[in-house]
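> Show me the folded form of this:
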Amino acid sequence: MTPSRLVDGIAARDEAEVTACFAEEAKLSLLTQSELCERHETAEIAASIPSWFADSRELVLVETIVKDVEGCSHIFYRFTGVEDGEP
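Next up is the predicted model:
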């Protein structure tokens, strides 16, 4: 997986592309504005990510930071969403 592929898949709301970014044994620890949790199955990971942006009609990538930490990829990204014409 390349971080840009994941972020591009999220921006395009392409669940198949997001799914393809994760190995079968992938684990995801995540922090959003409203939740801190873990996902353990590829399908669960891929389905949860687009749901965070469901209310936004447009996503604009603002920032991406990628770091490898103890054999794991830490990918930070920030989008600005547009809902009802308002960022």
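> Going by C-alpha atoms from here, please, whenever you check contacts or count neighbours.
Noted.
> Contact partners for the residue nearest the centre of the chain?
For the chain, the residue nearest the mean C-alpha position is I49 (4.9 Å; Cα atoms, centre = their mean). Shown in contact with I49 (Cα atoms under 8 Å, 6 or more residues apart in numbering): I10.
> which residues of this structure score low on pLDDT?
When residues are selected by pLDDT under 70, those of the chain lie in 1-2, 84-87.
> so where do the strands sit in it?
With DSSP state E, the ranges of strands along the chain come out as 28-31, 36-39, 58-69, 72-82.
> Any idea which of those gets closest to R13?
For R13, the closest of the strands of the chain is strand 58-69, at 9.2 Å, according to Cα to Cα.
> neighbouring strands for the closest one, and are they parallel or not?
Strand 58-69 has its sheet partners listed here by DSSP bridges as strand 72-82 (antiparallel).
> Settle this for me: R13 is touching S51, isn't it.
No - under the criterion of Cα atoms under 8 Å, R13 makes no contact with S51, lying 9.3 Å away.
> higher neighbour count, the two?
Neighbour totals were compared for R13 and S51, and R13 leads with 18 against 10 (other Cα atoms under 10 Å).
> Next, the closest residue to P50 other than its chain neighbours: phi, psi?
Distances taken as Cα to Cα, 6 or more residues apart in numbering put R13 closest to P50, at 6.1 Å, once the chain neighbours are dropped. In terms of degrees, to the nearest 10, the main-chain angles of R13 are phi 60, psi 40.
> Ok, G71 next?
Note on G71: backbone dihedrals following degrees, to the nearest 10 are phi 80, psi 0.
> circling back: out of the strands of the chain, which is closest to G9?
Nearest to G9, of all these, is strand 58-69, at 11.3 Å by Cα to Cα.
> In the closest one, which residues are buried?
For strand 58-69, a neighbour-count test (16 or more other Cα atoms under 10 Å) marks 58-59 as buried.
> Now find how far off-centre that strand is within its chain.
How far strand 58-69 lies from its chain's middle: 9 Å, per Cα atoms, centre = their mean, to the nearest Å.
> now swap in stretch 47-63 and tell me
In this view, stretch 47-63 has its centroid 8 Å away from the chain centroid, taken as Cα atoms, centre = their mean.
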